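Q: give me a model of this one.
(2 chains)
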2 protein chains.
Amino acid sequence: MSIIRLMGIDPGSRITGYGIVDMDGPRSRHVASGCIHTASEHPLPERLKTIFERIAAVIRDYQPLEVAAEQVFMHRNPDSALKLGQARGAALCAVVMAGLPVSEYAPRAIKQAVAGSGAADKLQIQRMITLLLNLPESPQADAADALAVAICHGHTRQTLNRLGGIAAFSGRRR
Amino acid sequence: MSIIRLMGIDPGSRITGYGIVDMDGPRSRHVASGCIHTASEHPLPERLKTIFERIAAVIRDYQPLEVAAEQVFMHRNPDSALKLGQARGAALCAVVMAGLPVSEYAPRAIKQAVAGSGAADKLQIQRMITLLLNLPESPQADAADALAVAICHGHTRQTLNRLGGIAAFSGRRR
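A: Sure, this is the predicted structure:
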């Protein structure tokens, strides 16, 4: 099986995590990861520009084949939902404008794929990512979440390809 | 006073309105307006791409100098706030990636500027926009709202320029 490069993103109004992994069957290798910080004292358009440009630059630099993001469910606070939505819109725009497909995964599915339990907490995800990718130190929480969704996508992709090729896989895309 | 071309946008998860006006002092002339429809049955990344590309195309075609959008306040429903946020993020990204400044205005300020009352309803806004811009027929509600925020920006811009030039104006930008 050939190696495919996948990108995960974890958009947020203040920090957007990203992670690039090379998947070789069930094995994953860390390529790059990091956090895009957008200071809340900066004007909104500037913050959205930073997210768009940085995500576009990561795609340009690492050339992933596909991108995955965590699905967002009901937020308790409408104001933070709006802010998260704006950041998410900017990040996803950078992906689609680069011509890449985006798959979305439920938080439980991501935790299950990485930690073996849909109820794993943030610290467990960071630890499992550090172990799975054989990292010298634990990545920041948002970068770890981005790497987790990339790995989740890699596993799902592989399973669906095994089950019936790309047709079945496409049906799962959002 | 020279003519300046302004753009207003009214982003929404299903319909994003846009409007281009030429302002000559207090007078405004309709240049273009319309609605970008994004079918809810289409995948989210595709909808965001449509908004980004169409806003970018309008900017390319009409070359506005500045852009204005309605400020969004507390939404009652977190789910619709997230959806609105995503659409808003895509639309604002298209503006900032085109290198244009965006100003945001409170709904009351927009209604006040166009209809003379901060409590005007959608129908009154449509009627006033039709009158002010001398249109042969009433524009769709979202296009009318976009034209209204463009005109509001034009008036504010003019007042602030009169009060102390661009320095005072910049302070009001978001």
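
Q: which residues are in contact with the closest residue to chain B within chain A?
A: When scored by Cβ to the nearest Cβ, chain A has A:G85 as its residue closest to chain B, at 2.0 Å. Every C-beta, even on glycine, is put in place using the N, C-alpha and C of the backbone. Listed by Cβ atoms under 8 Å, 6 or more residues apart in numbering or on different chains, the contact partners of A:G85 are A:V72, B:A81, B:L82, B:K83, B:L84, B:G85, B:Q86, B:A87, B:R88, B:G89.

Q: what's the pLDDT at it?
A: Among the per-residue scores, A:G85 shows a pLDDT of 95.

Q: how much space separates it from B:L160?
A: 30 Å (Cβ to Cβ, to the nearest Å).

Q: wait, A:A113 sits on A:A150?
A: No: using Cβ atoms under 8 Å, A:A113 is not in contact with A:A150; the gap is 10.1 Å.

Q: quick check: A:I20 is in a strand.
A: Yes: assessed with DSSP: H, G, I helix; E, B strand; the rest coil, A:I20 lies in a strand.

Q: now it, which residues is it bridged with?
A: Counting by DSSP bridges, A:I20 forms beta bridges with A:M7, A:A32.

Q: for the helix or strand harbouring A:E53, which helices and strands make contact with it?
A: Taking DSSP states H and E as the definition, A:E53 sits inside helix A:44-62. Packing partners of helix A:44-62 (3 or more Cβ pairs under 8 Å, 6 or more residues apart in numbering or on different chains; DSSP states H and E): strand A:4-10, strand A:15-24, strand A:27-37, helix A:78-97, helix B:78-97, strand B:102-105.

Q: mind doing that once more with 10 Å?
A: strand A:4-10, strand A:15-24, strand A:27-37, helix A:78-97, strand B:66-70, helix B:78-97, strand B:102-105 (3 or more Cβ pairs under 10 Å, 6 or more residues apart in numbering or on different chains; DSSP states H and E).

Q: restricting to C-alpha, output the fourth one in CSV.
A: Included here for helix A:78-97 are C-alpha records, laid out as CSV according to Å, rounded to 0.1, in the frame of the first residue of the first chain:
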residue,chain,number,x,y,z
PRO,A,78,-24.5,31.2,20.7
ASP,A,79,-21.9,33.9,20.8
SER,A,80,-19.0,31.4,20.9
ALA,A,81,-20.7,29.3,18.3
LEU,A,82,-20.7,32.3,16.0
LYS,A,83,-17.0,33.0,16.6
LEU,A,84,-16.1,29.3,16.2
GLY,A,85,-18.2,29.3,13.0
GLN,A,86,-16.3,32.3,11.5
ALA,A,87,-12.9,30.7,12.2
ARG,A,88,-14.1,27.4,10.8
GLY,A,89,-15.5,29.1,7.7
ALA,A,90,-12.1,30.7,7.1
ALA,A,91,-10.1,27.4,7.7
LEU,A,92,-12.4,25.3,5.5
CYS,A,93,-12.4,28.0,2.7
ALA,A,94,-8.6,27.8,2.6
VAL,A,95,-8.9,24.0,2.1
VAL,A,96,-11.6,24.1,-0.6
MET,A,97,-9.9,26.9,-2.4
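
Q: between A:A113 and A:A150, which one's more packed in?
A: Comparing A:A113 with A:A150 by other Cβ atoms under 10 Å in any protein chain shown, the one with more neighbours is A:A150, at 33 against 20.

Q: ok, now how distant is the nearest residue to that one once chain neighbours are set aside from B:G12?
A: Excluding its sequence neighbours, the residue lying closest to A:A150 (Cβ to Cβ, 6 or more residues apart in numbering or on different chains) is A:G8, at 3.1 Å. Plainly put, A:G8 is 29 Å away from B:G12 if you go by Cβ to Cβ.

Q: with adjacent residues omitted, what lies nearest to A:D145?
A: A:D10 (4.1 Å).

Q: oops, could you answer that again for A:I51 instead?
A: Counting by Cβ to Cβ, 6+ apart, the residue nearest A:I51 is A:A90, at 4.3 Å.
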